[in-house]
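Chemist: Sequence and predicted model, in that order:
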Amino acid sequence: MNIRMNTFTKIVGLILLLLIPILVLYWFSNQTSLRVVSDEVEKSMYKDLSFFATQTDNTAAQLSKSGLTISEDINVRNLEFIEIATLYEQTNEKLRIDEKLRLLIASSTWDTTLSIITPDTRTFVSSNASIQYDVDLINRNFTRVWRYTEDVPAYFRKQPRFVRYITEPYSSPLDKASLIVEISFPVTDLTKALDRFKQGGKGDPFFINSAGDIIRSMDADETLQGELIRQMDLPDLVKTPFTRFSLSGSEYAVGSVWMPELGLYLVDYLPIQDVVRPITANRNLFYISIFFLLIGSTVAAYFLYNNVQVPIRELIRGVRRVKRGDYTTMNILHPNNEFHFLLVSFNDMAKQIEQLIQNVYLEQIASRDANLKQLQSQINPHFLYNCFTLIRSLTRLGEKETVMQLSMHLSKYYRYTTYSDRQTAGLREEIELVNSYLAIQAIKVQDLKYEIDIPAAFAELELPRLILQPLVENAVLHGIEPVGCGSIRVSACVTEGFNIITVQDDGIGLTEEQLADLQRQIVIPPLEDKGCALWNTRQRMQLQFGPEAGLRIIRRAQGGIEAQLYWPKQADYNTAAS
């Protein structure tokens, strides 16, 4: 802890402690300014949006009043009976009505079309002489409120329009109406209105109805508007003056106004970062100033850092290298101060530690070899005693040939154990030894059967000497002999990166308590009055292949037990290299 809290760190920390309150206060002030400016801009945007929506809706309402007025005009009502008038009177009446229609639409800023239809007389008068009477078109578009439609006369070249019908009598259905007034204007009028409104602000307004029809300005950002439309819920959006949305990674203030006359929603959105850019620029300038102030303050501590912190850092690196086992010497810095003595002394200490570790390592190797020899010496007499007992019994019975076979197998066994001072052997040699042992036991136990199934790939693997014989012996003595018959199988396989050699018997087996006691004997060093074969076997496997190797005992579902020697497959290469 004292090394970490060095003098340089304390000085820099003090500077930071002085700057932190200033930064916190400025941050709070900046956030307040951003919030106030954003709220005011949103309120102003909503106010302008409401004014524009009201103005547009009022224009549409005025057109509706014009249509109602023309439907009540006496001259227009005469069209219902025009068929009884002379041709001259009919022409004169139509010209008079046409003049009134033109006067009405002249007062509107929109390109409005007014048409009058009398279904009974099939009379059609329109402010646009190019439009023809089309009863099917009227039936398809008929509505008593303003409606967006793309089903328009051919003259308009399929340009969408808003259309509304006024009938006389008003409450009658279309097929019973004696007089119909059609009012329509192109969507381009609303587009132009959006362009004019857009010139006065930074937003990108558009109209949208409940059916999803969109009316945009000429230079609208359709991609951004599409992203906004997918996120917003129009009925909920108009309940609040403005809402925040995240579009293309930026935050936008979105406002919406409902226009009941046209059945449209007027939506506008404004990027918050554009509004608060001046405040953001001032904030960044302040932070840059603080940054340079911090650098200037740090320069004052540089001398202390260069003369104290750098040598300490080098010393820490040296300690970490020693911790990793790297005992290389450090660079000697600042020969004129106290750190020179520390670094030189540390280098001497590292050299001494490296020498001591080498000595300990050599002692561990010698101790490991001694342990292997001691463990093996505990196992070899164990087998010899059993053989002598069997020879004595056979001699007493006069089984001369059997004694000769037993002696031959016993000589093979001791020729194998005394042939070399190596503490390891190939698995092929171990299998030959086990085969001799089982042949001897088959003489003693007449109904003993055995099978050895070792793949050729395992034959040259190196194992500790006499590692399999104790397991086979336990299978015979404790599994087969109590019942007087049975079979033993020795096999090998590779499973999940481990080599496994298995010794199975179908003998008397073990109870749960006996199995638990046996598993304890495998891992706990034996007392003087107990056997040590299984513990020795596990110890020798771990000394040879590392802590991941070992021995386990398993109860078989078919009866008997199964002993497994296992070790990591990669340990084969390590053993071969050593």
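Modeler: Thanks, I have it.

Chemist: got the domain boundaries for this protein?
Modeler: The chain breaks down into these domains under automatic domain parsing: 1-300, 361-577.

Chemist: of all those, which lies closest to A350?
Modeler: Closest approach to A350 among the domains of the chain is made by domain 361-577 (16.4 Å; Cβ to Cβ). For the C-beta atoms, the positions are set from N, CA and C on the backbone; glycine is no exception.

Chemist: Give me the three-state assignment for the residue nearest to R140 when sequence neighbours are not counted.
Modeler: In space, and not counting its chain neighbours, R140 is closest to D151: 5.6 Å by Cβ to Cβ, 6 or more residues apart in numbering. Following DSSP: H, G, I helix; E, B strand; the rest coil, D151 is assigned to coil.

Chemist: D151 against D136, yeah?
Modeler: No: counting by Cβ atoms under 8 Å, D151 stays clear of D136, with 9.9 Å between them.

Chemist: Going by how many neighbours each has, rank the two and give me the top one.
Modeler: Shown here are D151 and D136; by other Cβ atoms under 10 Å, D151 has more neighbours (12 against 8).

Chemist: what sits against that one?
Modeler: By Cβ atoms under 8 Å, 6 or more residues apart in numbering, D151 lies in contact with 137, 140-141.

Chemist: Format those as JSON lines; extra columns: distance to L471 and secondary structure.
Modeler: Converted to JSON lines, the contacts of D151 look like this (distance: Cβ to Cβ, whole Å; DSSP: H, G, I helix; E, B strand; the rest coil):
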{"residue": "L137", "distance to L471": "99", "secondary structure": "helix"}
{"residue": "R140", "distance to L471": "95", "secondary structure": "helix"}
{"residue": "N141", "distance to L471": "96", "secondary structure": "helix"}
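
Chemist: At which residues are the strands of the stretch 301-450 of the chain located?
Modeler: Applying DSSP state E, counting those that start in this stretch to the stretch 301-450 of the chain gives strands spanning 424-426, 447-453.

Chemist: Can you check which of these gets nearest to A61?
Modeler: Closest approach to A61 among the strands of the stretch 301-450 of the chain (Cβ to Cβ): strand 447-453, 98.9 Å.

Chemist: Which member of the contacts of D151 is positioned nearest V238?
Modeler: If you rank those by distance to V238 using Cβ to Cβ, N141 comes first, at 27.0 Å.

Chemist: Distance of the closest one relative to S178?
Modeler: According to Cβ to Cβ, to the nearest Å, N141 and S178 sit 19 Å apart.

Chemist: Q469 too?
Modeler: Taken as Cβ to Cβ, the span from Q469 to S178 is 120 Å.

Chemist: Have a look at those two and say which one is more surrounded.
Modeler: Using other Cβ under 10 Å, the more surrounded residue of Q469 and S178 is Q469, with 23 against 16.

Chemist: I'd say that one and N435 touch.
Modeler: No: using Cβ under 8 Å, Q469 makes no contact with N435, being 10.7 Å away.

Chemist: Spit out the contact partners of M232.
Modeler: Counting by Cβ under 8 Å, 6+ apart, M232 has contacts 243, 245, 254, 256, 267.

Chemist: Go ahead and build a ChimeraX selection from the buried members of those residues.
Modeler: If you want just the buried ones from these in ChimeraX, going by 16 or more other Cβ atoms under 10 Å, the selection is:
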select :243,254,256,267
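
Chemist: For the residue nearest to R140, what are phi and psi?
Modeler: phi -90, psi 90 (degrees, to the nearest 10).

Chemist: Go through this protein and flag its longest helix.
Modeler: helix 7-71 (DSSP state H).

Chemist: Give the other helices and strands that the helix or strand following that one contacts.
Modeler: Downstream of helix 7-71, the next assigned helix or strand under DSSP states H and E is helix 74-77. The elements that helix 74-77 packs onto, with contact taken as 3 or more Cβ pairs under 8 Å, 6 or more residues apart in numbering; DSSP states H and E, are helix 87-106, strand 179-186.

Chemist: Could you list every helix and strand in contact with the shortest one?
Modeler: It stands for strand 179-186. The elements that strand 179-186 packs onto, with contact taken as 3+ Cβ pairs under 8 Å, 6+ apart, are helix 7-71, helix 74-77, strand 113-118, strand 161-168.

Chemist: Please identify the most buried of these.
Modeler: Highest mean neighbour count of the helices and strands packed on strand 179-186: strand 113-118, a mean of 23 (counted as mean count of other Cβ atoms under 10 Å).

Chemist: Next, the angle from it to helix 87-106.
Modeler: Per axes from the mean of the first three to the mean of the last three Cα atoms, to 10 degrees, the angle that strand 113-118 makes with helix 87-106 is 150 degrees.

Chemist: Which other helices and strands does strand 113-118 contact?
Modeler: Looks like strand 113-118 contacts helix 7-71, helix 87-106, strand 123-126, strand 179-186 (3+ Cβ pairs under 8 Å, 6+ apart).

Chemist: now the angle from the first one to helix 87-106?
Modeler: If I follow you right, that is helix 7-71. If you take the same axes, to 10 degrees, helix 7-71 sits at 160 degrees to helix 87-106.

Chemist: And the average pLDDT for helix 7-71 is what?
Modeler: If you average the pLDDT over helix 7-71, you get 82.

Chemist: ditto for the second one
Modeler: Predicted confidence along helix 87-106 averages 75 (mean pLDDT).

Chemist: That helix relative to strand 179-186, how many degrees between them?
Modeler: 40 degrees.

Chemist: Using CSV, list the CA coordinates for helix 87-106.
Modeler: Output in CSV follows, covering the C-alpha atoms of helix 87-106 (Å, rounded to 0.1, in the frame of the first residue of the first chain):
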residue,chain,number,x,y,z
LEU,A,87,-80.6,25.6,-74.4
TYR,A,88,-79.8,29.2,-74.2
GLU,A,89,-81.0,29.5,-70.6
GLN,A,90,-79.1,26.4,-69.7
THR,A,91,-75.9,27.8,-71.2
ASN,A,92,-76.4,31.1,-69.6
GLU,A,93,-77.1,29.6,-66.2
LYS,A,94,-73.9,27.4,-66.4
LEU,A,95,-71.8,30.4,-67.3
ARG,A,96,-73.2,32.4,-64.3
ILE,A,97,-72.5,29.5,-62.0
ASP,A,98,-69.0,29.0,-63.4
GLU,A,99,-68.2,32.7,-62.7
LYS,A,100,-69.3,32.3,-59.1
LEU,A,101,-67.1,29.2,-58.7
ARG,A,102,-64.1,31.1,-60.0
LEU,A,103,-64.8,34.0,-57.7
LEU,A,104,-64.9,31.7,-54.7
ILE,A,105,-61.7,29.8,-55.4
ALA,A,106,-59.9,33.1,-56.3
